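no sequence for this one, just the structure:
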Ligand code: DAH
């Protein structure tokens, strides 16, 4: 009697295990049949009632049924686990070759671009690229450049003075002083970098801007050498030949000093709004290095001579891209910067 009951139970339970659609359904079958108060437990309790000689045989059957059902439950259980894992794998795969969404590559600031471009050019011409510190001594920024103590450039309005007597460099010219002290003559160097002036900020004035200084010291350096150098530089910057002219200009560290103009690239000479009808655009100051500057740099002006120039990188960028307000350059507005 008990044998038949067992066989039937085993068969129907196996069927239910096979039909279980979810791990929860499977679990409830397990509890109902194999649980502590389940059907099998009940049956084994009832074993006490049957004849002793039959008990061993039924006990074996009971154990066999129990093992078979447990095995089936475990297999079904791991089927569910496998299926769940497979579903996750199907859903969660990623294509590592796809570009990440929403990440925009950055770009170099236009000032950095022009600086690097010019550094490359000068390096190809055999020129040393030097970088001086942004915090300078008063001596390097002024005295050694033949700027006397009563010169208006030292005025509180123009220079950011630090409490220890140093200043933020007002131009890249102090790197000339460092170059002469470090290398002596002959010397061929440029010095790009950031400079600072205590100015009211408006569309054409910033307290922070960029310059590129140049200096050559050798025997018999003349204005002709300077002009050749400038024209090579300008041809590279503007990607065509440019006509230049020199006007006298005063800077304490050069003698004679000049303002170099280029013929207007927009109208080519006759006059237009960009050159204010003059046909010429003021581009950069330059000159032959003042003997006092050479002397203070430890170089004998009777033996050596040189030229120097100061290119306004910020202004150059504005010309190149027709930027009408200097404040855009350091405003940090990504809509502006993404155009470069
Ligand atoms: N240091 C000058 C300035 O910032 C620019 C300058 C003028 C540099 C003439 C030079 C030069 O080397 O020869 O206003």
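Everything's here; your move. What you see is a predicted model, and the numbers here were worked out from it, not measured in a lab.

Residue 294 is in contact with residue 181, correct?
No. Counting by C-beta atoms under 8 Å, residue 181 stays clear of residue 294, with 11.8 Å between them. To be clear about C-beta, it is placed using only N, CA and C from the backbone, and glycine gets the same treatment.

Neighbour count: these two, which is higher?
Comparing residue 181 with residue 294 by neighbour count (other C-beta atoms under 10 Å), the higher total belongs to residue 294, at 23 against 14.

contacting residues for residue 272?
264, 266 (C-beta atoms under 8 Å, 6 or more residues apart in numbering).

Distance check, it against residue 238.
Distance, residue 272 to residue 238, by C-beta to C-beta, to the nearest Å: 16 Å.

The residue of the stretch 201-340 of the chain found nearest the ligand pairs with what?
Residue of the stretch 201-340 of the chain nearest the ligand, by C-beta to the nearest ligand atom: residue 310 (2.5 Å). Residues in a beta bridge with residue 310, per DSSP bridges, are residue 213.

Do I have it right that residue 299 meets residue 217?
Yes. Shown here, residue 299 and residue 217 form a contact pair, counting by C-beta under 8 Å, at 6.3 Å.

who touches both of the two?
Joint contacts of residue 299 and residue 217 (C-beta under 8 Å, 6+ apart) are 180, 185.

of the two, who's got more company?
For residue 299 versus residue 217, the count of surrounding residues by other C-beta under 10 Å is larger for residue 217: 26 against 21.

Off-centre distance for the helix or strand harbouring the more buried one?
Using DSSP states H and E, the element containing residue 217 is strand 208-218. Taking C-alpha atoms, centre = their mean, to the nearest Å, one finds strand 208-218 lying 26 Å from the centre of the chain it belongs to.

Enumerate every residue touching residue 277.
residue 271.

and it, what pLDDT?
Here the pLDDT value assigned to residue 277 is 91.

isn't there a strand covering it?
No. If the criterion is DSSP: H, G, I helix; E, B strand; the rest coil, then residue 277 is coil and not within a strand.

just checking, what's the longest helix in this structure?
helix 52-92 (DSSP state H).

Which strands and helices lie in contact with that one?
Contacts defined by 3 or more C-beta pairs under 8 Å, 6 or more residues apart in numbering; DSSP states H and E place helix 52-92 against helix 2-19, helix 23-34, helix 39-46.

So which bits of the chain are right by the ligand?
171, 173, 213, 251, 254, 285-287, 308-310 (C-beta under 6 Å from any ligand atom).

For the residue in the stretch 101-250 of the chain positioned nearest to the ligand, which three-state class applies?
Here the stretch 101-250 of the chain gets closest to the ligand at one residue, residue 171, 3.2 Å apart by C-beta to the nearest ligand atom. Using three-state DSSP, the structure places residue 171 in coil.

Kindly report the same for the one 10 residues further on.
Classification of residue 181 using three-state DSSP returns helix.

Show me the shaky parts of the stretch 101-250 of the chain.
Residues of the stretch 101-250 of the chain meeting the criterion pLDDT under 70: none.

for it, what spans make up the strands?
128-129, 135-136, 167-168, 187-196, 208-218, 244-248 (DSSP state E, counting those that start in this stretch).

what would those strands look like in CSV with distance to residue 30?
Shown next, in CSV, are those (distance: least, C-beta to C-beta, whole Å):
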stretch, distance to residue 30
strand 128-129, 78
strand 135-136, 78
strand 167-168, 79
strand 187-196, 75
strand 208-218, 75
strand 244-248, 95
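
Looking at these, which is nearest to residue 336?
Residue 336 sits nearest to strand 208-218 of all these, at 16.4 Å, using C-beta to C-beta.

can you state the direction angle for that closest one and strand 187-196?
Interaxial angle, strand 208-218 versus strand 187-196 (axes from the mean of the first three to the mean of the last three C-alpha atoms, to 10 degrees): 160 degrees.

residue ranges of the helices in the stretch 101-250 of the chain, please?
Applying DSSP state H, counting those that start in this stretch to the stretch 101-250 of the chain gives helices spanning 110-124, 138-141, 174-183, 223-238.

Give me the residues contacting stretch 16-28.
Contacts for stretch 16-28 (C-beta under 8 Å, 6+ apart): 29, 69, 72-73, 76-77, 80.

ok, which pair from the residues you listed is furthest apart?
It's 69 and 80 that sit farthest apart of these, by C-beta to C-beta, at 16.5 Å.

Give the residue from the two that has the larger number of neighbours.
residue 69 (20 against 16).
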